[in-house]
Structures are given as C-alpha cells and as structure tokens.
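Enquirer: Curious how this folds, go ahead:
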Amino acid sequence: MKIITGGVTAAKGFEAASAEAQIKYRDRKDMALVYSQVPCAAAGTFTTNVVKAAPVKWDQKIVYESEAAQAVVINSGIANACTGQEGYEYCRRTAAAAAEALRVPEDAVLVASTGVIGMQLPMDRIEAGVSLLAGSRACTEEAGLEAAKAIMTTDTRPKYTGAQVEIGGKTVTVGGMCKGSGMIHPNMCTMLGFVTTDAAITKELLQKALSDDVKDTYNMVSVDGDTSTNDTVLLLANGMAGNPVIDDPDSPEYAEFKKALNYVNTELAKKIAGDGEGATCLFEVKVVGAETKEQAVTLAKSVITSSLTKAAIYGHDANWGRILCAMGYSGAQFDPERVDLYFESAAGKLKIIENGVSTGYSEEEATKILSEEHVTAIADVKLGGASATAWGCDLTHKYVDINADYRS
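Expert: Here you go, the predicted structure:
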C-alpha cells in the first residue's frame, strides 16, 4: 500500500469545489462539492441519535434506494437539524439545484450540513452557492484541500488523506476528507466524512466494507461524549480504476480494498480526535491482552471518555488511578491486580503500574512523556490475545469557552 497526500480528488474521475456562500460565516468559504464524472455506487453510515437531521434522512433515502450517486453538496455553519418538514424540503431543493447545474438526476445528489442546530438554511444563499460550486469544480489536489477547509466549523485545520493499492493489475485509489471537532462520541460515526474511490466494486460489498470498518475507526473516537444529530460517512466508488469488479467478500482483491479503506478511515478518525475542541494533544488508549475484542473495545472506550482522565492528560499528570477507575466502571470484567499500564509518546515509554500497583516511576519522566502532542496509554489486562484502540483528546478550559457561546 502506498500512502498519498490524498483527499477527495485523489481517485480518478473525482472533482471538488468550494465557495463562500455566507450561510453563517462572513470571512471564509462555507460550501463544498464532491462530484464524480460518472455515476457511483454509494454506501453510507449514519448517526444512531434518534434526533436525525434532515440531511441524514435525505442521504439514507439516496443510499438505500437510488441506483447511483454522483454528487455531494455540503454546507457548514447551519446543521439543518430539528427543522421539520421545511428542513427536509430544503434538502430536496439543494439536490434539485445541484442536479440542474451538474446535469445529473436529483436522486443522485447527496447533501450534508454541519453547524448550529435549529436554524433553517438560507436557501437563496445555498442555491447561489450551488451554482458557484458547479462552475468552479476541478480534479486538482488544491480543489480537494479547499473543499476540506470549507466544511470546517470549530475545526482548527482541514482533515484529508489517501492511499493506493494494486488490484487486478490496476492502481486503485482511496481518498477522503472529514470534519469534526466537537459533539464527537463513538456511536457511528461522530462526524461528517466523505470518502471517494475509483475502485470497481459492487454496491453491496462497498456498504459491507464501510459498515465493518467504522467499528474500528470512527466508532472508536470520542471528544466530549455527545453523539451528533448529523453524523454521516459517505463512500462513493466510480469504477474508473478499471480493475475487475470486486464482488467476492472472500477474495484477496476485497481484502486489499479494505486495507486502503481502513487506512483512510483510521487516519481521518485520528485527525478528528487530535483536533477536538480546545485540545492540545491526541490521546490514544490501547487495551491489549483482552479475552475478547468486545471486552477490549469496552475498556478502551471507557478510558477515552473519562473526563477526569482527559483533564489529567491536559495537566500532564500521570494520574493512573483515574484510568484504572474508568476501566473498573466500564462493565467489562477483568482482574485489576493483573493490569500493567504504560504511558508512551515521542519522549519515551514508561511503565506506570504493574499488576495493579505503582512501579514507583519518576513523576518528572512521566510529565515529560505526557507533554507531547500525541500521548498513548497502553493497558495490558493479561487475559488473552484480543486488543482495541480508541482515540480522544485532553479536556481543556478552551473546550468550555468554545461551547459556552457556540450558538450565539
């Protein structure tokens, strides 16, 4: 597998665009387009929140019922959530405007929104923005980067990546972009993500690959414990790589495709976690030596969502009792007197506890390790061979500052 700079325009036949529609922001681009030159097989995973935004409902209909998709229109600033039938009609109007401008069927247009809940979209600006997007789309990496910037809300940086693999003698590319900084919690899929590929693959296997992969990627991310109303990941495959169609879930070709997809989704998930609102570091939790994968997932998620642990990471404080405590109330059964715990970063690796008891480690060395931008806690529960990794961030004063007046 080859790692590339990537983005949604990395795969053959995909174009992107961005525009300043002034939906909520007045000093930056706030609309983006992803477009394929040919119709695509489409897959999607969506929020499990009972309160689903209008774009989620629209996209579920397109993914589940339409033969193909060819475009995605995204806006930032207003989420189009809790907007009733009017909000759903605005999804249709957005799709209709894009269909006319791009000369594609209305039911081939997906939409996505992110931002403030409860406000209606200014459709005059949305429709004008669609026109700008359609007229400026390009297949360049720069166009993909600008699209990634346009979908940001409280994100501090654009998030995009890509990978290539060889399938059937052809180079297959997977590229993606996402946004996510707050209202992030592991319950499918905690953000907006858009992944494109030129692989030729059946719609059924495309959906299977995405649904299986989110369990170990986006579902293992938490920033603040809040599952959004708008969570969506869309995966489009246009087949332009020219590889033989992937239609066998047991084939090596499918395995290669999944490898590239997993890399892209993992990198995007980590970028979200590391850019959590107010965060100063990416906090990674690895649980190893578990009896089952489910046990490892439960333990890792419990630690990554612990506010006390996240605050300790912000303070560069090796308060390991908080980690053991979070594991203890997770609901997973284990023997705390067998647990070994390590902290690791670019500054080194240090065993903090052995068999549930402090090793007498150097607090100075621990603080140095915890002061890096990427910190990992490794918990070995010594029960078996299963493992899981979760990603989050530290909890800072700035998180409260950002969310105290986000709406106003």
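Enquirer: Quick one: low-confidence residue ranges for the stretch 51-200 of the chain.
Expert: 181-190 (pLDDT under 70).
Enquirer: what about the helices in it?
Expert: Along the stretch 51-200 of the chain, counting by DSSP state H, counting those that start in this stretch, helices occupy 54-65, 84-102, 123-136, 141-150.
Enquirer: In this model A388 seems to touch A300, though I could be wrong.
Expert: Yes - in this structure, A300 is within contact of A388 by CB atoms under 8 Å, at 4.7 Å. (Glycine included, C-beta is placed from N, CA and C.)
Enquirer: Just the buried residues of stretch 370-378, please?
Expert: By neighbour count with 16 or more other CB atoms under 10 Å, stretch 370-378 contains the buried residues 370, 372, 375-378.
Enquirer: Strands - which of those residues land there?
Expert: 375-378 (DSSP state E).
Enquirer: ok, the spatially closest residue to E65 that is not a sequence neighbour - contacts?
Expert: Leaving aside its sequence neighbours, E65 sits nearest to D107 (CB to CB, 6 or more residues apart in numbering; 7.7 Å). Contacts for D107 (CB atoms under 8 Å, 6 or more residues apart in numbering) come out as 62, 65-66, 95.
Enquirer: What of N262?
Expert: By CB under 8 Å, 6+ apart, the residues touching N262 are 213, 216-217.
Enquirer: In TSV, list the residues you listed along with secondary structure and pLDDT.
Expert: As requested, the contacts of N262 are exported to TSV (DSSP: H, G, I helix; E, B strand; the rest coil; pLDDT from 0 to 100):
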residue	secondary structure	pLDDT
D213	helix	96
D216	coil	92
T217	coil	92
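Enquirer: who wins for neighbours among these?
Expert: Each of these was scored for neighbours by other CB atoms under 10 Å, and T217 scores highest at 26 neighbours.
Enquirer: Could you report the distance from that one to V233?
Expert: For T217, the distance to V233 equals 9 Å [CB to CB, to the nearest Å].
Enquirer: what's the answer for A54, then?
Expert: A54 sits 17 Å away from V233, going by CB to CB.
Enquirer: per-residue confidence at the closest residue to M327 other than its chain neighbours?
Expert: The shortest distance from M327 to any non-neighbouring residue, by CB to CB, 6+ apart, is to L299 (5.1 Å). L299 carries a pLDDT value of 97.
Enquirer: Now L299: which helix or strand?
Expert: Here L299, judged by DSSP states H and E, is contained in helix 293-304.
Enquirer: For that helix, which helices and strands make contact with it?
Expert: strand 282-290, helix 320-328, strand 374-380, strand 386-393 (3 or more CB pairs under 8 Å, 6 or more residues apart in numbering; DSSP states H and E).
Enquirer: how does it look with 7 Å?
Expert: strand 282-290, helix 320-328, strand 386-393 (3 or more CB pairs under 7 Å, 6 or more residues apart in numbering; DSSP states H and E).
Enquirer: Could you give me the buried positions within the helix or strand harbouring K349?
Expert: Taking DSSP H and E as the criterion, K349 maps to strand 348-354. For strand 348-354, a neighbour-count test (16+ other CB under 10 Å) marks 350, 352-354 as buried.
Enquirer: Just the buried ones from the contacts of D107?
Expert: In terms of neighbour count (16+ other CB under 10 Å), the buried residues within the contacts of D107 are 62, 66, 95.
Enquirer: Nearest to T83, out of the helices and strands packed on helix 293-304?
Expert: For these, distance to T83 was read as CB to CB. The smallest value, 30.1 Å, belongs to strand 386-393.
Enquirer: on contacts alone, who are the packing partners of that closest one?
Expert: If you count contacts as 3+ CB pairs under 7 Å, 6+ apart, strand 386-393 packs onto helix 252-274, strand 282-290, helix 293-304.
Enquirer: So for the following helix or strand past it, mean pLDDT?
Expert: Downstream of strand 386-393, the next assigned helix or strand under DSSP H and E is helix 397-404. Across helix 397-404, the average pLDDT comes to 77.
Enquirer: I'd guessed the residue nearest to M327 sits against K286; true?
Expert: No - with contact defined as CB atoms under 7 Å, L299 does not count as touching K286 (10.1 Å).
Enquirer: Tell me which of these two has more neighbours.
Expert: L299 (26 against 18).
Enquirer: Quick one: distance of the helix holding L299 to the chain centre.
Expert: 19 Å (CA atoms, centre = their mean, to the nearest Å).
Enquirer: What of stretch 335-347?
Expert: Relative to the mean C-alpha coordinate of its chain, stretch 335-347 is positioned 27 Å out (CA atoms, centre = their mean).
Enquirer: One more: stretch 395-407?
Expert: Chain-centre distance of stretch 395-407: 21 Å, with CA atoms, centre = their mean.
Enquirer: Going forward, the N-terminal residue is numbered 371.
Expert: Will do, 371 is the new start, and the previous item becomes stretch 765-777.
Enquirer: for the stretch 671-778 of the chain, what are the low-confidence residue spans?
Expert: Counting by pLDDT under 70, the stretch 671-778 of the chain has low-confidence residues at 773, 776-778.
Enquirer: longest strand of the chain?
Expert: The chain, longest strand under DSSP E: strand 401-416.
Enquirer: mind listing what's buried in that one?
Expert: Neighbour-count burial for strand 401-416 flags 401-406, 409-416 (criterion: 16+ other CB under 10 Å).
Enquirer: Could you find the closest non-adjacent residue to D618?
Expert: Of all residues not flanking D618 in the chain, Y624 sits nearest, at 6.3 Å (CB to CB, 6+ apart).
Enquirer: and the one you found, what pLDDT?
Expert: Confidence score, pLDDT, at Y624: 98.
Enquirer: Same question for the one 4 residues further on.
Expert: Turning to K628, the model gives it a pLDDT of 98.
Enquirer: Might one say that it is in contact with S581?
Expert: No - using CB under 7 Å as the test, K628 is too far from S581 to be in contact (11.6 Å).
Enquirer: Looking at these two, which has the bigger crowd around it?
Expert: Just comparing K628 and S581: by other CB under 10 Å the higher neighbour count belongs to K628, 20 against 15.
Enquirer: Now I496: closest residue in space that isn't a chain neighbour?
Expert: Per CB to CB, 6+ apart, closest to I496 is T464, 5.7 Å.
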